[in-house]
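In: Could you look at this predicted model? Sequence included:
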Amino acid sequence: MASGTTEFRLLPMSESTSQLCFDKEQFLKDDFDVDTFVADCRRRVQLETLREDLHIYFKSLKNAMVELINKDYADFVNLSSNLVGMDKAINNLSVPLGQLKEEILSVRSGMDDAIKAVEDKLTARARIREKKACLQRLINITKSVEKMEKILGISKELDVDDADLGEHLELSGQQIERVALEFNQLQFYVTQSKGLPLVEKIRPRIAAITVTLQHSLERSFEESLETGQADVLRQCLRTYATIDKMRDAEALFRKIAVKPYMDEVINESFIKNHPQGLKGMYSKVLEFIPKHCTLIKQVTSQTPSSAGQEVVRGYDFLVNAVWPEIANSLDSRNHQIFFATNTDLFHERYLQTMDFVERFELQCGTQSSVKRLREHQSFNTFMSKWSLSVYFQLRFHEIAGSFETALSTPFNSTSDAQSPFKLHVFQTLWQCLHRCWEDKVYLIPLCHRFWKLTLQLLSRCAQWIEEVYANELKAPKEEPETSKPPISSSSSSASLPNESGEPADGDKQQRGPSPAPLPPPITSSQLVSLVADIDILCAQLTQLYQHVIGPKLAEINCQGITVLSEAFLDCKESLSNRQVEFGEYITKEVCALCSVHLKSANDIPRLYRRTNREIPSKPSAYVCNCLKPLQLFLDEHKANLQQDRQHQWLVSILCTVTDGYLTISSELLTSVKKMEDSLKRLKALRRPSEVALASMASQQGGVSDDDKIRLQLSFDVNFYGKQMSEMGVEDNEVPSYIELKTLVNSSVKGIISELEEI
């Protein structure tokens, strides 16, 4: 197709085809499709236009083809004459080619036959070689068996059941090692010749040799341990390693040395009789290692005492012999230590056991030995027997249960006089948090669970605080009608609730059983104690994390300490989410008590207008009583609230009260000014003689009634500011007081000047 494409491109095209509505190259593509081509062109032009362009393109192709033929006409005419005689040449070549093919096929057949014959001979030779090797192995097996029987003194007719006669045969260490080498080689030959009749026939003799060799090794091993001969023990262990029976040597040591000692030490009677109980038993168990394992450790591991001596590698008697027997004895004879029924006793036993495990690991000597110990099946089984999940569930019910019990009566006062908290619920929460991380409760494997419990306790407390806000503060505001019982007429007094809030007996019979009585509403004092305890708790939680929780998390190399600290911080902040709302509720109540007295400021005009009273010289009674509720509130809760919180509430209350005082004073001065202007207009309408008499009377009196009102208000405002200063609040902390003071002082500025002149 590529060549065809080239030929078509060589065709001369007229210039008129360059304005076609389609691309001429599309016809040369391998995947050209008529329907697709038409649909594509139809989106751009009409079908009539497409037909005209195709007709133009067809004519251009036809003209180009005619021109090409005319250009190479001589070549087209001579094409047939150039092919004359081609058939005869082809026929002349076919005969020799056929002969060559037959010769090649015959040669190939001969080669295949030769290759097959060679392969058959090679296969037969390989079978002969294999049979020869098998025969040689059988000869070696027979020789090895006869050689070992001769050394061990075993007759060919000796049965396996009579092999215990070898126990009375005294063999030297070299003879045993020589037999072991021969036995190891015999095992290799037997494995290679498995299933042969001769091997099956000679297997009883091999079993007799095995039993005899095993008895000799066991006797040599026991004697070397009893006599303390390191060379004999080293040679014996080397022999065990030669015949690949190292685990048998460790099992033999466990049987003859470890088990009798552990049977005597690990039992309930030993724990009861020992002054230190379980801890004393563990100490006695560890004494076994220096007493009975020193020689073995010297032979099997590199120690200062074995410097310059040969070390037999591959043995680990502490891991494979001593520890499995200890774990098995504890499980079979002291299984009660794994029970978590008594949490305190379980905690003590677990810590004592983990301390014993750590001291046992120190006796292992190397990190690789410790690693093998922790990967050993008996070690993992032993650790899994501790009922840690049951222990935590009991602690969870103990800790979380005490906190839930405290939440049933949350606003009870704490009974501990030394406690910084005032409410029993926060004292209980603090004790529960400390309980989680207390040394007598906390266990390292349960660190993640105690951490989760800590966050759950804080979250539960935050949820309770939200419930207090929703039920005690928010609900009465949103549903004021439902918070009060409906008022009935006097004719239906039988349905009124009694003092306890329950309906009368007659109404009970009609309505059925009454619901449980609602708890009493929260008081301001309880709410103040709640806010104060939250502040104290948040401050102490930081210390708890830094000095108690953080070090325990770092002790276990906990990953993501930053994430955990952020989670703890979030829980702490959730406790104080409603502190602002609680503060607003408390300050609003105190403000209401203070603002009641400010209404008496409206009575000042009545006291001085047309009463001929003397010029005021002391503050009014209302301003003296205005801040008494605030002072009583501070005196009552000063010991509970933190200084910052106390000052914050104090400024908030004074700002609110002063705003009201400013409004009342502004309205009062405005009304006095209006009254004064009205009197002046009335006086202006009187006769001149009456006006003169009135002016003389005012000059004789000195200060008018309106001025006395302004002076009295000035005394009251200044005394109010003095009370603020005594409470520790500066004037600039209450902007409305500065405005109030400026307003009052400006109203009496001229009056004070006149009084000074008089």
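Out: That came in fine, so what should we check first?
In: Leu641 is in what secondary structure piece?
Out: Assessed by DSSP states H and E, Leu641 sits outside every helix and strand.
In: List the contacts of it.
Out: Val528, Val531, Ala532, Asp535, Trp649 (Cβ atoms under 8 Å, 6 or more residues apart in numbering). C-betas here are computed from N, CA, C, even on glycine.
In: Pretty sure the second one sits in a helix.
Out: Yes. Secondary structure of Val531, determined by DSSP: H, G, I helix; E, B strand; the rest coil: located in a helix.
In: distance of the closest residue to it other than its chain neighbours from Leu453?
Out: Of all residues not flanking Val531 in the chain, Phe582 sits nearest, at 5.0 Å (Cβ to Cβ, 6 or more residues apart in numbering). Phe582 sits 27 Å away from Leu453, going by Cβ to Cβ, to the nearest Å.
In: Also Val744?
Out: Using Cβ to Cβ, we find Val744 at a distance of 61 Å from Leu453.
In: Which one of those two is surrounded by more residues?
Out: Remark: of Val744 and Leu453, Val744 carries more neighbours, 24 against 21, as counted by other Cβ atoms under 10 Å.
In: got the phi/psi numbers for that one?
Out: phi -70, psi -40 (degrees, to the nearest 10).
In: Is it in contact with Leu713, as I believe?
Out: Yes. Look at Val744 against Leu713 with Cβ atoms under 8 Å: they come within range, at 5.7 Å.
In: Identify the contacts common to the two.
Out: Common neighbours of Val744 and Leu713, counting by Cβ under 8 Å, 6+ apart, are Ser665, Leu669.
In: Skip the chain neighbours and tell me the closest residue to the one residue sitting closest to the centre of the chain.
Out: In the chain, the residue lying closest to the centroid (Cα atoms, centre = their mean) is Leu564, at 7.5 Å. Spatial nearest neighbour of Leu564, chain neighbours left out: Leu553 (6.5 Å); criterion: Cβ to Cβ, 6+ apart.
In: Need the CA coordinates for the helix or strand harbouring that neighbour. PDB is fine.
Out: Leu553 belongs to helix 550-555 when assigned by DSSP H and E. The C-alpha coordinates for helix 550-555 follow below in PDB (Å, rounded to 0.1, in the frame of the first residue of the first chain):
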ATOM      1  CA  GLY A 550       4.200  11.500  78.200                       C
ATOM      2  CA  PRO A 551       7.100   9.600  79.900                       C
ATOM      3  CA  LYS A 552       5.100   6.400  79.800                       C
ATOM      4  CA  LEU A 553       4.400   6.800  76.100                       C
ATOM      5  CA  ALA A 554       8.100   7.600  75.400                       C
ATOM      6  CA  GLU A 555       9.100   4.500  77.500                       C
END
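In: pLDDT on that helix, on average?
Out: Mean per-residue pLDDT for helix 550-555: 90.
In: for stretch 192-204, same thing?
Out: Averaging pLDDT along stretch 192-204 gives 75.
In: can you pull the buried residues of that stretch?
Out: Residues of stretch 192-204 classed as buried: Ser193, Val199, Ile202 (neighbour count, 16 or more other Cβ atoms under 10 Å).
In: Name the SS class of Pro324, please.
Out: Classification of Pro324 using three-state DSSP returns helix.
In: Contact partners for it?
Out: By Cβ under 8 Å, 6+ apart, Pro324 lies in contact with Arg254, His376, Ser378.
In: Output the residues you listed as CSV; include the columns pLDDT, distance to Glu103 and secondary structure.
Out: Listed next are the contacts of Pro324 as CSV, based on pLDDT from 0 to 100; distance: Cβ to Cβ, whole Å; DSSP: H, G, I helix; E, B strand; the rest coil:
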residue, pLDDT, distance to Glu103, secondary structure
Arg254, 91, 82, helix
His376, 92, 77, coil
Ser378, 92, 80, helix
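In: Show the model's pLDDT score for the spatially closest residue to Val258 that is not a sequence neighbour.
Out: Counting by Cβ to Cβ, 6+ apart, the nearest residue to Val258 once its immediate chain neighbours are dropped is Glu325, at 4.4 Å. Glu325 carries a pLDDT value of 93.
In: cool, and Ser595?
Out: Looking at Ser595, its pLDDT is 86.
In: following the top helix by length along the chain, which helix or strand shows up next?
Out: In the chain, taking DSSP state H as the definition, the longest helix is helix 86-152. Downstream of helix 86-152, the first helix or strand assigned by DSSP H and E is helix 173-192.
In: buried stuff in whichever helix or strand comes after that following helix?
Out: Scanning forward in sequence from helix 173-192 by DSSP H and E, the next helix or strand is helix 197-227. Neighbour counts over helix 197-227 (16+ other Cβ under 10 Å) mark 199, 202, 205-206, 208-221, 224-225 as buried.
In: do stretch 671-682 as well
Out: Within stretch 671-682, the residues scored as buried using 16+ other Cβ under 10 Å are Val672.
In: swap in stretch 396-411?
Out: For stretch 396-411, using 16+ other Cβ under 10 Å, the buried residues are Phe396, Ile399, Phe403, Ala406, Leu407, Pro410, Phe411.
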